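1. Predicted coordinates and the sequence they were generated for:
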Amino acid sequence: MSWLWGNETTEQAQFVVSALQSELDERESKIKALEAALKREQHDMTSLLEDEVQELEARRKAIAQELADVDALIKEKQKLIQKSKSGALKKKKKKTKTPVAVRRRRKDTDCCGCSAAPDAETEDSKTVLPMDKNLKMVAKEEPNVAFIIQRSNNSNTVVYAGCKSADGKSLDATTPIKVFWIMYEKEGNPREDLNMIERNTAYGVTSKPSDVPGEHLATIASLRDRDCILRLDKHGNVLALTTINGKKGMLLRRVFVQMTTSWGIPTVDYVDIFGVDPKTMEPVYEKKKNK
C-alpha cells in the first residue's frame, strides 16, 4: 500500500499505532498496580479486623473471668454472713449475766470505729490500745499487730506485726517487723507471704535501727511520703508512730485503700489513714487522694 499512501504516510500510521500500544501498555500496568494495591488494602483490612476480633474476644474472656470472680466473692460473703449469724445465735444461747460494775468508757468513736480514750480506772485498761472491729479481728490471730492495710475489693488483710526479742522487752534488732496476708476470703483464714511485686510496690516495709535505743525507722511502700518509727511501749504493745493529717508522732492503726478495677487492672482512688493520738487517745484521720 506504500505506493498508494507513500512512505511518509505509512511511517506516520506506524508511529500512531506504536504510540497507542504504549499507552495501552501503560494503562494496563496502572490497572495491575491498582489491583495489587487493592489486594494489599483488602489484606491489611482483613488482618486489622481479625486483630480487633481477637482483642474483643480477649476482652470478653476477661469480663467473663471478672464476673466469675465476682460470683465467687458473693458466694464467699454469703458463707461468711451465714457463719456470722450462726455464731451470733450460739453466743446468745451461751450468754451469761454481766457484772453490774463495768469500766466507764467514753461514747465517742471515730469514723473508722476506734473507741475513744478509756477512763483511767485500772492499770489493765491502759495496756490495751484502741482498736476498731477490724484490728480486733486481726489481734485474735496476731497479738503483736501494729497496724493493718485493707482494700475495698475484698476482706483479705495485710498485717504488720512486731517481732520481739527473746526477752520480749524490745523489738528484734534484725527483723523488728513482719508483713503477711491473712486471707479471710479463704477457708480457715490462712496466712500467706507477700509476693515480690507486693513487697516492692505496695505493701513491703524496710527498716533500720534509730539513734534512739529500742526504736527503728521504717519506710512503708504504700506510705513513702512519711517516716514511721517502730517501738514498744512500757506494756509491750507494738507501736507504729507516723504523721497523720499533719500531726507527727501519731499511732498508725489502719489504712483502707479504695480501689476501682477496669479490664482487670486495679486503680487506687483514695486512701483512708486511721490512727490515734498517743497522748490523748483521741482518733486522728487523713484522706489521701490519688493524684
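-> Happy to help now that I have it.
2. Only C-alpha atoms from now on, for both contacts and neighbour counts.
-> Noted.
3. Report the secondary structure state of residue 10.
-> helix (DSSP: H, G, I helix; E, B strand; the rest coil).
4. Which stretches in the chain count as strands?
-> 145-151, 157-162, 177-182, 191-192, 205-209, 216-220, 228-232, 238-244, 247-262, 265-276, 283-289 (DSSP state E).
5. Pipe the ones you listed into JSON lines and attach mean pLDDT per row.
-> Listed next are those as JSON lines, based on pLDDT from 0 to 100:
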{"stretch": "strand 145-151", "mean pLDDT": "96"}
{"stretch": "strand 157-162", "mean pLDDT": "97"}
{"stretch": "strand 177-182", "mean pLDDT": "97"}
{"stretch": "strand 191-192", "mean pLDDT": "96"}
{"stretch": "strand 205-209", "mean pLDDT": "95"}
{"stretch": "strand 216-220", "mean pLDDT": "95"}
{"stretch": "strand 228-232", "mean pLDDT": "96"}
{"stretch": "strand 238-244", "mean pLDDT": "97"}
{"stretch": "strand 247-262", "mean pLDDT": "93"}
{"stretch": "strand 265-276", "mean pLDDT": "90"}
{"stretch": "strand 283-289", "mean pLDDT": "94"}
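6. Using a markdown table, please lay out the ones you listed together with distance to residue 58.
-> Shown next, in a markdown table, are the strands of the chain (distance: least, Cα to Cα, whole Å):
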| stretch | distance to residue 58 |
| --- | --- |
| strand 145-151 | 27 |
| strand 157-162 | 31 |
| strand 177-182 | 31 |
| strand 191-192 | 30 |
| strand 205-209 | 36 |
| strand 216-220 | 36 |
| strand 228-232 | 43 |
| strand 238-244 | 43 |
| strand 247-262 | 14 |
| strand 265-276 | 14 |
| strand 283-289 | 32 |
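7. Including distance to residue 31 and mean neighbour count, could those go into JSON lines?
-> Listed next are the strands of the chain as JSON lines, based on distance: least, Cα to Cα, whole Å; neighbours: other Cα atoms under 10 Å:
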{"stretch": "strand 145-151", "distance to residue 31": "64", "mean neighbour count": "22"}
{"stretch": "strand 157-162", "distance to residue 31": "69", "mean neighbour count": "24"}
{"stretch": "strand 177-182", "distance to residue 31": "69", "mean neighbour count": "20"}
{"stretch": "strand 191-192", "distance to residue 31": "69", "mean neighbour count": "14"}
{"stretch": "strand 205-209", "distance to residue 31": "69", "mean neighbour count": "17"}
{"stretch": "strand 216-220", "distance to residue 31": "69", "mean neighbour count": "20"}
{"stretch": "strand 228-232", "distance to residue 31": "76", "mean neighbour count": "22"}
{"stretch": "strand 238-244", "distance to residue 31": "75", "mean neighbour count": "23"}
{"stretch": "strand 247-262", "distance to residue 31": "49", "mean neighbour count": "19"}
{"stretch": "strand 265-276", "distance to residue 31": "50", "mean neighbour count": "18"}
{"stretch": "strand 283-289", "distance to residue 31": "62", "mean neighbour count": "17"}
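8. how about those strands, which one is nearest residue 86?
-> Using Cα to Cα as the measure, strand 177-182 is the one of the strands of the chain that comes nearest residue 86, at 22.3 Å.
9. Mind listing residues that contact the closest one?
-> Residues outside strand 177-182 that contact it (Cα atoms under 8 Å, 6 or more residues apart in numbering) are 156-163, 171, 189-194, 203-205.
10. Give me the sheet partners of that strand and which way each runs.
-> strand 157-162 (antiparallel), strand 191-192 (antiparallel) (DSSP bridges).
11. Next, count neighbours for the nearest residue to residue 128 once chain neighbours are set aside.
-> Leaving aside its chain neighbours, residue 128 sits nearest to residue 237 (7.9 Å; criterion: Cα to Cα, 6 or more residues apart in numbering). The tally of other residues near residue 237 (other Cα atoms under 10 Å) stands at 18.
12. for residue 237, phi and psi?
-> Residue 237 has phi and psi values of phi -70, psi 140 when expressed as degrees, to the nearest 10.
13. Tell me how far it lies from residue 161.
-> Residue 237 sits 10 Å away from residue 161, taking Cα to Cα, to the nearest Å as the criterion.
14. what touches both of these two?
-> By Cα under 8 Å, 6+ apart, the residues touching both residue 237 and residue 161 are residue 144.
15. sorry, back to before: out of the strands paired with strand 177-182, which is closest to residue 287?
-> Closest among the strands paired with strand 177-182, using Cα to Cα: strand 157-162, at 19.1 Å.
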